[in-house]
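Quick one, fold the following:
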Amino acid sequence: MADRERRTYGYIVVGCGGVGSAALYWLSKRVGSDVLGLEQFKLGHDNGGSQDHSRIIRLAYHDDMYTRLTPDTYRAWEEVERESGVQLVYKTGGVNLARRDEMGNIIDKYAEAMSANNIRYQRLTGKELHAKFPQFETSDEYTAIYEPMAGLVDAAMGNAVHVQLAYAHGATVIENCPVQRLEKIQDGSIKVYTPKGVFYCRKLIVSAGAWLNHVLGSIGLQIPVYVTQEQVTYFATPHVKEFTKEKYPIWIYHSPKYDFYGLPMHGNSGSKIGVDAGGPVVTADTRNFNPDPVREQACIEHLKKTIPRSLGPLMYTKTCLYTMPPDRHFVVDTCGKRVNGYDNVILCCGAGHCYKFASLLGRILSELAIDGKSRYDISKFNIDRPALTDPDWKPQLYMGTGGKVPTKESVNSKL
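Residues are numbered from 1 along each chain as shown. As a prediction, the model looks like this:
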């Protein structure tokens with residue numbers, strides 16, 4: 001739904017994936033038809049990071065900058081569900097686990113952050129985890145946390161519902177319309193150049209994922225980000241009943257080399273497993289869609305040891321992109337802190353772990369655009385923190401839990 005004649009809006013959102021579609025929705029609830037979304041591909045595409053059947057949602061986090069916000073993620077999704085009548089969140093329960101002698105300290109960090117924010121959880125031994133969920137073949141060499149509120153969000157449906165509700169509130173969206181450059185004009189407005197013409201706005205939100213610097217480069221801003229090609233694999237388990245949303249929780253397994261994660265069946269007949277931030281550094285232009293057989297095999301070997309009954313014929317492996325600042329934390333801020341005169345350009349980078357927060361981040365971005373501030377504490381997601389300004393910052397892309405960190409030289413050579 002696009003108004004081809006109109007060229008000036010109060011608000012423009014660049015990138016209509018998980019966060020951008022949410023920003024469209026929350027903006028349009030307040031300003032109606034005064035918002036435009038620009039999407040460089042077709043809506044619902046699978047080129048970026050906001051796609052696929054399911055994404056994890058959880059209260060559990062290793063750092064209280066997130067656990068302060070996680071309860072509000074559920075409230076944001078609940079409001080979208082109420083307005084649309086479509087269920088998007090499914091509470092399956094969730095498990096974080098590790099071998100005690102390898103990454104048990106990470107489970108301790110999760111417990112501390114959750115306790116500090118009054119989030120309910122159970123600490124479990126490996127045997128207790130097996131008793132609760134027999135799918136896990138875990139002895140007391142393992143330690144775990146169980147969180148009853150965790151589950152999954154239907155990502156593809158979430159994006160579609162956000163956009164459809166935005167349409168209902170009067171928003172305009174133009175597909176296949178990449179932003180070529182931005183320009184500040186004399187009255188302070190932003191001029192947005194695209195192959196489908198020039199648009200103008202008072203406030204611009206950039207939620208372009210791996211194309212972030214393609215958009216911001218024209219105003220002289222480059223955010224140091226690592227774009228990696230990630231993947232998830234689905235297996236056609238013969239034990240279907242054991243891996244439904246009613247029986248099988250989402251889970252995250254912390255190890256020195258990889259962080260694995262898994263989800264129950266949703267949207268297809270397969271159980272899902274992935275490796276967090278385990279893929280090669282690419283760019284949005286050089287990535288491919290070819291699965292990595294090494295990580296496929298790593299997933300198989302992990303499941304053989306811990307959840308063997310989830311295995312079956314490999315259905316398919318699907319790729320996506322993570323876009324991560326060097327400290328793996330969100331960026332939610334105005335560009336004016338780094339480029340004079342651009343306070344009306346607002347940036348969001350989800351750091352490869354934001355889909356659970358997508359609707360809330362959209363709400364936060366709408367508040368920053370309309371009110372100039374947000375009711376939520378986003379102070380640690382600022383654009384001028386050392387990780388984004390210090391060229392010698394050592395990258396940590398694995399949520400503090402493990403994995404091989406790419407060198408600055410290897411990343412810079414590919415950015």
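
what about the nearest residue to Tyr234 once chain neighbours are set aside, how many neighbours?
In space, and not counting its chain neighbours, Tyr234 is closest to Gly270: 3.2 Å by Cβ to Cβ, 6 or more residues apart in numbering. Every residue, glycine included, has its C-beta placed from N, CA and C. The number of residues packed near Gly270 is 25, by other Cβ atoms under 10 Å.

Kindly report the same for Pro395.
By other Cβ under 10 Å, neighbour count at Pro395 equals 18.

For Ala160, give me its contacts.
Ser21, Leu43, Gly44 (Cβ atoms under 8 Å, 6 or more residues apart in numbering).

So it, which state does it fall into?
helix (DSSP: H, G, I helix; E, B strand; the rest coil).

mind listing the helices for this protein?
18-31, 64-67, 70-84, 100-116, 126-132, 155-168, 212-216, 293-306, 358-371, 386-389, 408-412 (DSSP state H).

re the thing from before, of the contacts of Ala160, closest to Leu124?
Ser21 (36.6 Å; Cβ to Cβ).

What confidence value was assigned to the closest one?
Confidence at Ser21, expressed as pLDDT, is 98.

ok, of the contacts of Ala160, which one's closest to Thr70?
Of the contacts of Ala160, the one sitting nearest to Thr70 (Cβ to Cβ) turns out to be Ser21, at 20.4 Å.

Verify the contact between that closest one and Leu165 for me.
No: using Cβ atoms under 8 Å, Ser21 is not in contact with Leu165; the gap is 9.3 Å.

what about these two, which has more around it?
Ser21 (30 against 21).

dump the residue contacts of that one.
Ser21 neighbours (Cβ under 8 Å, 6+ apart): Gly37, Ser50, Gly158, Asn159, Ala160, His162, Val163, Ala166, Ala358, Gly362.

so what's it closest to, chain neighbours aside?
His162 (3.8 Å).

Pro395 is nearest to which of the helices of the chain?
helix 408-412 (6.9 Å).

just for the stretch 301-415 of the chain, where's the confidence low?
398-415 (pLDDT under 70).

Would you map the strands across it?
314-324, 331-334, 345-349 (DSSP state E, counting those that start in this stretch).

just to revisit the earlier point, pLDDT score assigned to the residue nearest to Tyr234?
Confidence for Gly270, expressed as pLDDT, is 94.

how much space between it and Ile364?
From Gly270 across to Ile364, the span is 34 Å (Cβ to Cβ, to the nearest Å).

How about Pro395?
From Pro395 to Ile364 the distance is 25 Å (Cβ to Cβ).

do Lys196 as well
29 Å.

Show me which of the two is the more surrounded one.
Ile364 (28 against 14).

Please determine how far the closest residue to that one other than its chain neighbours is located from Arg309.
Distances taken as Cβ to Cβ, 6+ apart place Ser374 nearest to Ile364, at 4.7 Å, with adjacent residues excluded. According to Cβ to Cβ, Ser374 and Arg309 sit 45 Å apart.

Sounds good, over and out.
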